Structures are given as structure tokens and as C-alpha cells.
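Student: this one's structure only:
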Ligand code: SF4
């Protein structure tokens, strides 16, 4: 008999990121970091090596959170108002206690499996984890995970259906682009055809599918191709959600160095708005919900269901593009400094004048707008 050499359990773990829509979810770490880790726009796991966590450790994390959740719920039911210190003294793992507080405060409705590509573990292990979660937290309505298209395309339909049945009901895929040229240039490690196969498989398995698109990723030279090919890939998938996460250039991303060396023609705010309009107008024959739920996106108004909300979603972009350049500057600076939320806020004279004064203090013009907004964006990435 082969004995497994399992390293000692060192307590509850949490990874660095989750999708914005999983802000209230319990985060359960299945793997550490990203098995691919070569995308040039992505800073998240650079310098960190990938590893699988032993199944036993993951189940121990889940048990530890369950113990904490039960204690918190019991303390609340008993009307103990000041139970924080009391619980801290009684639980062995403070990280699990923090995760449990967060989960209870969020209503215990959803769980997100970390890190960058949980579907890479053995399907049988993932199904064991999902069943354990459902057994301990039967009230949970949603269990979700990031998944790479490259990985999902290689999972059999039967295994995906079993994962869905065990409780995995939403997958977040970072498609980023449907253009093979863009995907190759940013080293995404997957092509358009594989992205389509993976997306269609998730849908066939009966899970909800969130596809992330990155406006600006093609740069100036590939902007049109990026918009049209991304829309075409999504038109063939019809995901439940299309989520926008605009390109930024964070310090740790290799693409930032490439840009500094003159190898990447980053788009400005106005060109990115034009690209986004073309992308949205090219989505056809699908019923996806489009969300602009990331702080880096210029237009928070892009939020609706296709096809009925297309006009509502694209009108603010058209209005922005028709503005005089000076007002485009005001909107971009106002939005990036969180003084304006929507293009229509420009119609409020007090708000407009306040942001105009700010622009004047920066010396902002259409010529230096992108340098200024890039510097502001760095605070959020
Ligand atoms: S696959 Fe995802 S997590 Fe991994 S490097 Fe690419 S973008 Fe980052």
C-alpha cells in the first residue's frame, strides 16, 4: 500500500483575490496561486509558485469555519452582544474565525473556491470538497470558482455535470479577449476556439457562466480586432454574465515593462470608450447580463440584459464620445477620482464645477489626460 506523504496542516488559508461579485462569499482555498501564471497583464501571482493543497487540509479548513460559524450563530441567538473576545479565546484558528464572521455577516449564501484555477485538481477531489461544503452549509445557494478555459476544455462533460450536481453552480472565466492575436501577444495560453469550447461546456453542464473581457487589452493596433473577435466568441457561447474589467498597467505586470519599453501601444480613455461601444454593438443573438462591476471601468452605467438593454447601456458611451474634449476630460477625471459616477452627472452644475476646478488644478487637458488617469488608477491596482 502506498502511503501519502501529507505535510502538516498549518491552519486556515486564504488567497489574495476573488471576483468583485464574490465580496460576501466565504473563500475556501483549494490551490495556491496560478498554474499558468504567464499572462503579461496579470500581476496577481507573479513571483509565487503554484501548489495543490492536500484534500485533507481543505476539508480541515471547511470544518474549522463550520465550528466558528456555529459558535457565532449560537452566541447571537443567546443574545450575547460582546462575544468577540470570548470566541477568540475558544477557537484554535483566528483566520477561520475572521472568515466565519465575514460569511455570517454576508448571510451565508455563497462560497468561492480560490485561487486562480480550482478546476485543475482531480475531479473526484473537487466533488468531495463540494459535497462536504453542501453537507456542512446546506443553506448556501451558490458555490463558484475561477477556471481557465484551457483546463475546462479538457474536463469531460460527465465530470463537469457531476461537479454541477455536487453544488458548483457558477464558473468565472477570464476570457480577456476573443482575438487569437491578442491572446498570443499577452501569453494567455489559450486560443479563441478553446475559449468557446470551454464556455459551451460549462453551459452544457448546467452551471452559470461569467466571462471576463478586458477592454484595451489589444492596444491601439489591435483594438478593433479585439472588440470584434471578443464579441464573436461570446456570441457563440451566450454566457450568463459578461463582465468588464478594463486594462490597467500595475507595477508587477510584465505588460507594464513592455509598455515602458515602447512595445505596447496602450489606449487612452477616449479610444477605449470607442472600443467598448464597438464591442457592445457587436454582441448579437445572446441573452447575457452585462456588468461593469470593476473600479477600473470608466462607465458604471453599462449594466443590463441583452438584447433589450443595449440602447440603455450604450447611450452613455455615445454621449461621452459626443462631448467637447474639455468635458471628456472633466468626466474622466471626475470618474477616476470618484466625484462623478455617471456621464449624466455632468449635467449637475455643482458637480461639474467642482470637478472642473480639480482639472484646472491638475492642469488637465485632452493631451495629458491619460497620464493623469493612469496615475490615479495606480491607486486601485
Ligand atoms: S490565468 Fe488568470 S491568474 Fe493566471 S496569470 Fe493568467 S490572468 Fe493571472
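Tutor: Received the coordinates, thanks. Because the structure is a prediction, the values reported are computed rather than measured.
Student: need the contact list for the residue nearest to residue 319 when sequence neighbours are not counted.
Tutor: Nearest residue to residue 319 in three dimensions, chain neighbours excluded: residue 343, at 5.1 Å (C-beta to C-beta, 6 or more residues apart in numbering). For glycine as for every other residue, the C-beta is placed from the backbone atoms N, C-alpha and C. Listed by C-beta atoms under 8 Å, 6 or more residues apart in numbering, the contact set of residue 343 reads 299, 301, 316, 319-320, 331.
Student: what's the domain layout of this structure?
Tutor: Taking automatic domain parsing as the domain assignment, the ranges for the chain are 8-146, 147-322, 324-381.
Student: nearest to the ligand, of those domains?
Tutor: Nearest to the ligand, of all these, is domain 8-146, at 3.2 Å by C-beta to the nearest ligand atom.
Student: now the closest one, how far from the centre of its chain.
Tutor: 17 Å (C-alpha atoms, centre = their mean, to the nearest Å).
Student: check the contacts of residue 343 against the ligand, which are close?
Tutor: Among those, proximity to the ligand is found for none (C-beta under 6 Å from any ligand atom).
Student: narrow those to just the buried residues.
Tutor: Buried by 16 or more other C-beta atoms under 10 Å: 299, 301, 316, 320, 331, out of these.
Student: who's in contact with the last one?
Tutor: It stands for residue 331. 320, 323, 340, 343, 346.
Student: using a markdown table, please lay out those together with secondary structure, distance to residue 133 and pLDDT.
Tutor: Conversion of these to a markdown table gives the following (DSSP: H, G, I helix; E, B strand; the rest coil; distance: C-beta to C-beta, whole Å; pLDDT from 0 to 100):
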| residue | secondary structure | distance to residue 133 | pLDDT |
| --- | --- | --- | --- |
| 320 | helix | 44 | 98 |
| 323 | coil | 49 | 98 |
| 340 | coil | 41 | 96 |
| 343 | helix | 42 | 97 |
| 346 | helix | 47 | 97 |
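Student: what's the closest non-adjacent residue to residue 109?
Tutor: Looking at residue 109 with C-beta to C-beta, 6+ apart, the closest residue is residue 141, at 5.0 Å.
Student: err, residue 150, not the other one
Tutor: Nearest residue to residue 150 in three dimensions, chain neighbours excluded: residue 190, at 4.4 Å (C-beta to C-beta, 6+ apart).
Student: these two touch, right, the one you found and residue 183?
Tutor: Yes - using C-beta atoms under 8 Å, residue 190 is in contact with residue 183, at 6.4 Å.
Student: the stretch 101-250 of the chain: strands as residue ranges?
Tutor: In the stretch 101-250 of the chain, the strands defined using DSSP state E, counting those that start in this stretch lie at 110-114, 142-146, 168-176, 208-213, 241-244.
Student: in a markdown table: those strands, plus mean pLDDT, mean neighbour count and distance to residue 49.
Tutor: A markdown table is the format used below for those (pLDDT from 0 to 100; neighbours: other C-beta atoms under 10 Å; distance: least, C-beta to C-beta, whole Å):
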| stretch | mean pLDDT | mean neighbour count | distance to residue 49 |
| --- | --- | --- | --- |
| strand 110-114 | 97 | 25 | 16 |
| strand 142-146 | 97 | 23 | 18 |
| strand 168-176 | 97 | 25 | 20 |
| strand 208-213 | 98 | 22 | 24 |
| strand 241-244 | 97 | 23 | 28 |
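Student: will you turn those into TSV that also has distance to residue 306?
Tutor: Shown next, in TSV, are the strands of the stretch 101-250 of the chain (distance: least, C-beta to C-beta, whole Å):
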stretch	distance to residue 306
strand 110-114	24
strand 142-146	22
strand 168-176	16
strand 208-213	13
strand 241-244	8
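Student: distance to the ligand added to these, as a markdown table?
Tutor: As requested, these are exported to a markdown table (distance: least, C-beta to the nearest ligand atom, whole Å):
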| stretch | distance to the ligand |
| --- | --- |
| strand 110-114 | 11 |
| strand 142-146 | 7 |
| strand 168-176 | 5 |
| strand 208-213 | 9 |
| strand 241-244 | 14 |
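Student: residue 78: which of these is closest?
Tutor: Proximity to residue 78 (C-beta to C-beta) singles out strand 110-114 among the strands of the stretch 101-250 of the chain, at 26.1 Å.
Student: so what's the closest residue to residue 71 other than its chain neighbours up against?
Tutor: Spatial nearest neighbour of residue 71, chain neighbours left out: residue 87 (5.5 Å); criterion: C-beta to C-beta, 6+ apart. Each residue near residue 87 by C-beta under 8 Å, 6+ apart is listed here: 68, 71-72, 75, 97.
Student: now for those residues: which two are most distant?
Tutor: Between any two of the contacts of residue 87 (C-beta to C-beta), the greatest distance is 11.7 Å, for 75 and 97.
Student: who's more crowded, these two?
Tutor: Here residue 75 and residue 97 are compared on neighbour count by other C-beta atoms under 10 Å; more neighbours surround residue 97, at 23 against 16.
Student: in what helix or strand does the more buried one lie?
Tutor: helix 94-105 (DSSP states H and E).
Student: before we move on, back to that, now the two most distant members of the contacts of residue 343.
Tutor: 301 and 331, at 11.7 Å, using C-beta to C-beta across those.
Student: dump the residue contacts of the closest residue to residue 186 other than its chain neighbours.
Tutor: Leaving aside its sequence neighbours, residue 186 sits nearest to residue 40 (C-beta to C-beta, 6+ apart; 4.9 Å). Listed by C-beta under 8 Å, 6+ apart, the contact set of residue 40 reads 185-187, 253-255, 258.
Student: measure residue 40 to residue 193 for me?
Tutor: Distance, residue 40 to residue 193, by C-beta to C-beta, to the nearest Å: 21 Å.
Student: try residue 370
Tutor: From residue 370 to residue 193 the distance is 34 Å (C-beta to C-beta).
Student: again, but for residue 203
Tutor: 16 Å.
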